[in-house]
Structures are given as C-alpha cells and as structure tokens.
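In: Next input, structure requested:
(2 chains)
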Number of protein chains: 2
Amino acid sequence: MDRLELLSDLSIPEKTKMVLMVMDGLGGLTNSACQQTELEHALTPNLDELAAKSELGQTIPIARGITPGSGPAHMALFGYEPLKYNIGRGVLSALGVDFDLQPTDLASRINFATLDENGLVTDRRAGRIATEKCIELCNIIKAKVSIPGVEIFMMPEKDYRAVVVFRGPKFSDKISDTDSQKTGVAPLQSHPLMGHEDCEAARKASEVVNEFQKQAFEAIKDQHPANGLLMRGFAIRPAMPMFNDIYKFNSACIAIYPMYRGLARLVGMNMLPVPADIPDEFECLKANWDKFDFFFMHIKYTDSFGEDGNFAKKCAIIEQVDQLLPKVLDLNPDVLVITGDHSTPCQMKSHSWHPVPYLLHAKNIRVKPNQNSFGEIACAGGTLGTFPAVENMAQMMAYAGRLNKFGA
Amino acid sequence: MDRLELLSDLSIPEKTKMVLMVMDGLGGLTNSACQQTELEHALTPNLDELAAKSELGQTIPIARGITPGSGPAHMALFGYEPLKYNIGRGVLSALGVDFDLQPTDLASRINFATLDENGLVTDRRAGRIATEKCIELCNIIKAKVSIPGVEIFMMPEKDYRAVVVFRGPKFSDKISDTDSQKTGVAPLQSHPLMGHEDCEAARKASEVVNEFQKQAFEAIKDQHPANGLLMRGFAIRPAMPMFNDIYKFNSACIAIYPMYRGLARLVGMNMLPVPADIPDEFECLKANWDKFDFFFMHIKYTDSFGEDGNFAKKCAIIEQVDQLLPKVLDLNPDVLVITGDHSTPCQMKSHSWHPVPYLLHAKNIRVKPNQNSFGEIACAGGTLGTFPAVENMAQMMAYAGRLNKFGA
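Out: Reported below is the predicted structural model:
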C-alpha cells in the first residue's frame, strides 16, 4: 500500500482548518559577514514568538543532495512522491502560462531559434528576441499551421520561450525532443523513444510533432533571427489521485505566480482570484476563511531575491511576511505550517539541496524550552527532526485530528 | 533484498544478551501546568543516570503522522515492516484471548447484537451485555453449531465482544464483513471481496461464515437482547519469517497482557509464564537470564493511564519502572533499549502519531555531554536522531556485535 492509499484510507472529514504557507526558496546559508542565514538575520518578532509555541524541524524536499525545481518540491509538500508523480517540462511550461491542461494534452517547451541557409541551428535562443516578437511569432504560427483532427495551442512565455499544446487523439509523451541542444546541426525529427517504438500513441504523437515543425518552419521562414523553433520536454500530465479526495477536505490555493497556481490546479485545489501582492494574499485568506478547510499560500519573492543573491531584500520579504503573520494567527488555524519548497541561498544565487526550515503550530505539541527563534539552526535541532517533505501532509492531517488509527 | 532478508544474511550467533523494554504508549506531550511531559515529569534518577551513559533518539512507529494500533507498532519494533506484515483485526482479537492461531486459521471479531422481529439490527452492542452473558452465549453456540469438515472455536472477550476461529480447508480472508456497522439493516451475507470472486478459498470461507451465521442465529434467537451477532475483520495470520530464525538467537517474551503475548507468539518468541505484576516481570527476567539471548519485556500500564488521561498515575508507573531498573542493570545486558511502541499522551487520552523516546545502552557508544535525563526533548536532540521504529532490531543487533559487515 503506498502513502496516498494509506492516507486516503485513514483520512476523515473534520471541522479543523489548516494553512500551509510556503515561502519559496526560504532556506539559506550562513552569511560570512553576519554569521546568520537570511531567515536568522531578518527581524521576525512574530515568527520568533510563534516558534516558542510550535514544533520545529527541517525537510528534505526530494532526497538528500537533490536540488529540486519548483514542480517536484511542491508535489512533495502536497504529499505526492515527487519521483513517481514527476511533472514533465512541457506540462510545467503550460502550467506556467496558466493553461488549463486536459488529461490527454501533449505539451512541449519551445525555444525560438536561428537557422542558417542550410537549416542548421546557429543560435538556440534566436538572439534573445523580445517577448513582443515572441507573441507575434506565436500568432503567425497559430494563423498558418493546421493539422486535421488536432487542436493546437501556441502560447508565448518570455523572450524566446513559448509553449505548444497538442489536443487530439490519444498521444503518448514517450517521444524524442527536436532540440538537440547543440548548434551546427539541423533541428531533429521526433520519434518514439526506445521501448515505445510499437506504441501507436507515441507514433501518432511524433507524426503530429514533425508535421507541426514542418508547417511552423514554413510559416516563420522570413522571421530571421527567429526563423526556426526547437521543442523539448514533451509531456502529458500524470494521472494522480486528487488532493481533496485523498484528504477529504475542501482546499484552496492563494498564489500570485502562474506556475504555482498551475501546480495547485493540477492536484485539484480550488483556485482563489489572483492576489495583487503579499498583503493581498493575507486579505484573501481572511476573506475566504469560512469557505475552505485547507489553504495553500505561496510567497514567491523569497526565492526571487535568493536567485538574485540579494541578502537584504530576501530578509525584507521575510520581515514583510512576519509583519503580516498576526492576520493568520487571528484566524486561529488548527494547524499552521510555515516552510519553504526548497532552499535558495543568496550566496549560491540558485535553488539548492539544503534542508528547509519547517515550523508547525498546533495544539498537542511538545514544547522545547528556550526555542525562541525560527531559523535553520533552530530547526535542525527541533523536536520534529529532519524528514522528507512528502511527509508534510500526513503530519498536518494528524495534528488536525483528521486521520484514523492504523491497525488495532 | 528486503530488510529481513538482509538481516537474516548478516546475523550471526553470539553470546551477547539483549533486552528490549517496551513501555506501552510511553511518549507524551508537554503538560501546560508543569511544562513537562509525563516522562520528563516523573522522578527517574536511575533512567537519568543511565541516559548520561546511553545514546538517545526518537522513533516514528509506522510513518510520520500515522497513529498506530499496538499490533503494527510492535511488529515495527520487532523489525517487520508494519505496512507489509499487517495483522488483521480478527487475528489481533484471537491473539488477545491467548488463542494459539495456526497458519491457516480464519479469525473474526464478533459483536453480539440485538435484532428486531424483522431481523434488523437495533443495537450493535446488544445493550452492552455483561461478560458472563457473553461466556454463556459462546457456550450455547459451541454446543449447537456444527459445520462438517470445519472446527469452530468460539471465545468470549469482554462485555459484548467475542472471537470466532474457523479451522478447516484452505480459507482466504479476502471476504466481506457481515457487520454493516449500521443499525436498521439486517446482518449481511459474507461474500468474496472484489478481485477475489474467482478464488475458491474465498468462496469456501464465505460459505462457511454464512452457514455459521445461520446456525448461530437459530441457536441464540431466544437470547434477546443478544439474539444476533455481527462479524468483522476476517483475517488469517500473515506468513512471515520467524524472529529467532532471522536474528539467530533464542528470544523470550515477558508480558502480562494477552495481546502482546500473542504478538510475540506470532513472530515465534518463546513464551515465559504470565507475570503477576511489574516487579514480577523483572523477577522473571532475572530467573530466565541464562536461558535466552533476547528478552522482550512489555509494561502495559503507561498506556492504560495515558488512555485514562491520568498524568500522575502514568508518571507513577514510569517511576516504578525506574525503581526496578537496577534489577536489569545488575544483569549487565550487552544491549538495553528502553522505548515505547507509540505515544499515548495523557492530554489526548489516546494513542498518537508523535515520535517515541528511545534509549539505547551498550558499549561502543557516543556520549553526548550534559545529557542527564531521559525525556522527549532530550531524545529529539539525541545522537541517534529520529528514525523508523522498524530499524530498532538492526540497531540492537549491531550494538550486540551480532551483524556481519555488508559487502567487502
């Protein structure tokens, strides 16, 4: 019996309310100047006071040493084994433009690219064209490309990046990329991946992709430097049990960025309107408090400033959340978890594999004396220990009184 | 290779002696009055002195967030994956009345119940009849029910609860309950569960169960309010490698309560006579010290008083064990583990999912400075970390010098 079957068997409806607040890329590293991490350095009187009445621990997002993308890191926090429910790049890109992917849609990430007179790739990013040009190219392709029996959705992302979604017969995503990730060679033909050569759905998918490529190249042949395109990460959203069915509650997503909204939609959360900014996210929580049992709140900018290597600004976002925290506490949630999806240490300017600080506030806890701050070192010594992020949901459900006993 | 195969491959006979002392439901929560858990609050000079010379840690009985019953929690401590070696309710009930279950016996929990003139259930507990009445009803059924080729064992538990065991041809336990767990409906006919319809052993089992129900109803029809019965949790003991074979030692069980004796018997431990009380359990250990390598000692009352929510009495049991502890230490065991099977916090009056304090005393340890108490917070910060209870046996075996190296 796997984890989700077990949780599905044991979960019971209750009236308790839960908040999972994810500060993206929250975890940091010790800054040599102040000898503190971002979370430790930030002035957080409310979080520190909360820590004294909470249990601390740290999560391993995917597996020790593995640096996660946002997709698997969030899937884990939602209770889905991230290696089993692996969300392909095409699906993540489609979610990232807020596209409502259907279960059989085949999605792919696209790079616009420059081809020379012999059809060989000379620039995999088409001279980094502006987003406006990308939008224009997508519109040209939309207007000119057509494949009988297949609906084609062509959507710009940013700069030279776009997404294409094919909706038609039953496709398989076990097909090869057209992007060789090299210059000096022509874009590839897609073909069924090894072991899937006999699969009709893979054969059909590669035929459609190759026909799309042929027509698209013809459509944009005069658009140098963006006179070609490369496709990679063909993916269909994986079949998975729905969040509200597993846990027998009514959940809602409060997030600003499309990617995170897409992940929440993928598991079947209810979507609340897009908040304008961080304070608006807290207002949204309050306004919808009576309507749902479980709230996923996503704060993006801790990760953004981590990626920028901006220690002061990452601290400032943490301080902003700290100032807003009483708005959550006033609602008196039965279980409040504050954590990150992964670490994004300013000194690395990237996601990292380091464990992620985790705070759980509920009744029925063990109080550690003199635990009066929320930070990486405090969390590593917390009563919850170090645990896989995929165990978060079972833990929240337990503290919320929503799981039956296993065995007599 | 699974855990038990690995341990079985690596284990070697040795002269070392081990004690696994399980204080049932040992783990507790911070009491708001004294800001300590039961284990922290109890006056335990011997345990505290031992902690200074031991390694501490905390176990997760089944999985984070999962509240275990005693069955799976003990199976984990014995080294058996609790989700794989899941012991069904019928088997646990049979163990609970000290019945010597054979590998093919089909066991079921029974509720005596009240039926109205139309045969519909009006009370699933037969007005909570006294145990004496339950014994009488079991005797009536024993005398009157007979099914050719099947031996039927009918045993009272307590109040309206009983157990039935069918011994005959090869049965499957993949059959449905006759107890719908509702009133206003008739007891159900048992039938093979979905996916097992073609299984001869399931078909045979459900036929026997339905024939038993028919004859039993006839036998007790005049016994209102206990004029019916409901069966649930049909189970056959799972096939499993035997404890002494895996670990290549000679083990013994010292326990007062039938359920725990049954679990020990299930894995093949030697059974020592039922002790009269806790001090007698320690005398039993001493008296049998030379005869066995491994002793499982079970102390029940920490759990009982946890379930009652009686903080003072749970502390008192812990203090009683502490006072008796020198009797174990005088025997100079090579490995002594003191832990619980799960937490039973007084403030919850029930089993819980919280990690369980764990103390390991042996030679070849790491000494943590200033570790001078055995309690939940100390254990959360211990050198052994937080780990699944199913890893206990490998750890004990290692400290006992009874495991070969893996690989060259």
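In: Please identify the helix or strand for A:H354.
Out: Taking DSSP states H and E as the definition, one finds A:H354 inside no helix or strand.
In: The closest residue to it other than its chain neighbours and chain B: what is the separation?
Out: Of all residues not flanking A:H354 in the chain, A:S343 sits nearest, at 4.2 Å (CB to CB, 6 or more residues apart in numbering or on different chains). For every residue, glycine as well, the C-beta is placed using N, CA and C. Distance, A:S343 to chain B, using CB to the nearest CB, to the nearest Å: 20 Å.
In: burial count for the residue nearest to A:C346 when sequence neighbours are not counted?
Out: Once flanking residues are discounted, A:C346 sits nearest to A:F311: 4.5 Å by CB to CB, 6+ apart. For A:F311, the count of nearby residues is 22 (other CB atoms under 10 Å in any protein chain shown).
In: same thing with A:E14?
Out: Per other CB under 10 Å, the neighbour tally for A:E14 reads 15.
In: how close does the residue lying closest to it once chain neighbours are set aside sit to A:F78?
Out: Leaving aside its chain neighbours, A:E14 sits nearest to A:R402 (4.8 Å; criterion: CB to CB, 6+ apart). Using CB to CB, to the nearest Å, we find A:R402 at a distance of 15 Å from A:F78.
In: Where does the stretch 51-200 of chain A get nearest to chain B, which residue?
Out: A:G57 (8.4 Å; CB to the nearest CB).
In: now swap in the stretch 151-300 of chain A and tell me
Out: Among the residues of the stretch 151-300 of chain A, A:Y247 lies closest to chain B, at 11.4 Å counting by CB to the nearest CB.
In: Quick check: mean pLDDT of stretch A:226-238?
Out: Average pLDDT, stretch A:226-238: 95.
In: Is A:Y358 in a helix, a strand, or coil?
Out: Under DSSP: H, G, I helix; E, B strand; the rest coil, the three-state class of A:Y358 is strand.
In: Hmm, I typed the wrong one, I wanted A:H74.
Out: helix.
In: hang on, the earlier thing: now the residue nearest to A:H354, what are its backbone angles?
Out: phi -100, psi 140 (degrees, to the nearest 10).
In: got the contact list for it?
Out: A:S343 makes contact with A:G25, A:L26, A:G27, A:G28, A:L29, A:H351, A:S352, A:W353, A:H354, A:P355, A:V356, according to CB atoms under 8 Å, 6 or more residues apart in numbering or on different chains.
In: Just give me the closest of those to B:A252.
Out: When the contacts of A:S343 are compared for distance to B:A252 (CB to CB), A:P355 wins out at 41.7 Å.
In: ok, now which ones touch that closest one?
Out: Contact analysis of A:P355 by CB under 8 Å, 6+ apart lists A:G27, A:Q58, A:T59, A:I60, A:S343, A:E376, A:C379, A:A380, A:T386.
In: Let's have these in JSON lines, adding pLDDT and secondary structure.
Out: Shown next, in JSON lines, are those (pLDDT from 0 to 100; DSSP: H, G, I helix; E, B strand; the rest coil):
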{"residue": "A:G27", "pLDDT": "98", "secondary structure": "strand"}
{"residue": "A:Q58", "pLDDT": "98", "secondary structure": "strand"}
{"residue": "A:T59", "pLDDT": "98", "secondary structure": "strand"}
{"residue": "A:I60", "pLDDT": "98", "secondary structure": "strand"}
{"residue": "A:S343", "pLDDT": "98", "secondary structure": "strand"}
{"residue": "A:E376", "pLDDT": "98", "secondary structure": "helix"}
{"residue": "A:C379", "pLDDT": "98", "secondary structure": "helix"}
{"residue": "A:A380", "pLDDT": "97", "secondary structure": "helix"}
{"residue": "A:T386", "pLDDT": "97", "secondary structure": "strand"}
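In: The residue of the stretch 151-300 of chain A closest to chain B: how many residues sit nearby?
Out: Residues near A:Y247, counting by other CB under 10 Å: 28.
In: Is it in contact with A:M396, as I believe?
Out: No. In this structure A:Y247 lies outside contact range of A:M396 using CB atoms under 8 Å: 9.0 Å.
In: and A:V208, what element?
Out: A:V208 belongs to helix A:200-219 when elements are defined using DSSP H and E.
In: which residues in chain A form strands?
Out: For chain A, the strands defined by DSSP state E cover A:18-23, A:55-60, A:106-115, A:121-123, A:151-156, A:161-167, A:228-235, A:251-254, A:270-271, A:294-299, A:335-339, A:356-362, A:386-388.
In: Name every strand pairing with the fourth one and say which way it goes.
Out: Strand pairing for strand A:121-123, using DSSP bridges, gives strand A:106-115 (antiparallel).
In: do the same with the shortest one
Out: In the sheet containing strand A:270-271, its partner strands are strand A:251-254 (parallel), by DSSP bridges.
In: any idea of the mean pLDDT for the strand it pairs with?
Out: For strand A:251-254, mean pLDDT rounds to 98.
In: same thing with stretch A:397-406?
Out: pLDDT averaged over stretch A:397-406 gives 97.
In: again, but for stretch A:106-122
Out: Stretch A:106-122 carries an average pLDDT of 96.
In: ditto for stretch A:294-303
Out: Mean predicted lDDT for stretch A:294-303 stands at 97.
In: mind checking the end-to-end distance for it?
Out: 23 Å (CA to CA, to the nearest Å).
In: contact partners of stretch A:277-286?
Out: The contact list for stretch A:277-286, computed with CB under 8 Å, 6+ apart, reads A:19, A:254-256, A:272-273, A:275, A:295, A:297-299, A:301, A:317, A:320-321, A:324, A:327-328, A:331.
In: quick check: mean pLDDT across it?
Out: Per-residue scores along stretch A:277-286 average to 98.
In: Please compute how far it lies from its chain's middle.
Out: Distance, stretch centre to chain centre, for stretch A:277-286: 20 Å (CA atoms, centre = their mean, to the nearest Å).
In: Can I get that stretch as CSV, trimmed to CA atoms?
Out: Provided in CSV are the C-alpha atoms of stretch A:277-286 (Å, rounded to 0.1, in the frame of the first residue of the first chain):
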residue,chain,number,x,y,z
ASP,A,277,0.6,41.5,-3.7
ILE,A,278,1.7,39.8,-0.5
PRO,A,279,-0.7,41.8,1.8
ASP,A,280,-3.5,41.0,-0.6
GLU,A,281,-2.7,37.2,-0.2
PHE,A,282,-3.4,37.6,3.6
GLU,A,283,-6.6,39.5,2.9
CYS,A,284,-7.6,36.7,0.5
LEU,A,285,-7.1,34.2,3.3
LYS,A,286,-9.3,36.1,5.7
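In: Return the set of buried residues in that stretch.
Out: A:I278, A:E281, A:F282, A:C284, A:L285 (16 or more other CB atoms under 10 Å in any protein chain shown).
In: and if you look at stretch A:46-60?
Out: A:46-51, A:54-60.
In: Report the rounded mean pLDDT for stretch A:259-272.
Out: Here the average pLDDT along stretch A:259-272 is 93.
In: which bits of the stretch 251-400 of chain A sit near chain B?
Out: Residues of the stretch 251-400 of chain A lying near chain B by CB under 8 Å from any CB of the partner chain: A:364-369, A:381-387, A:391, A:393-399.
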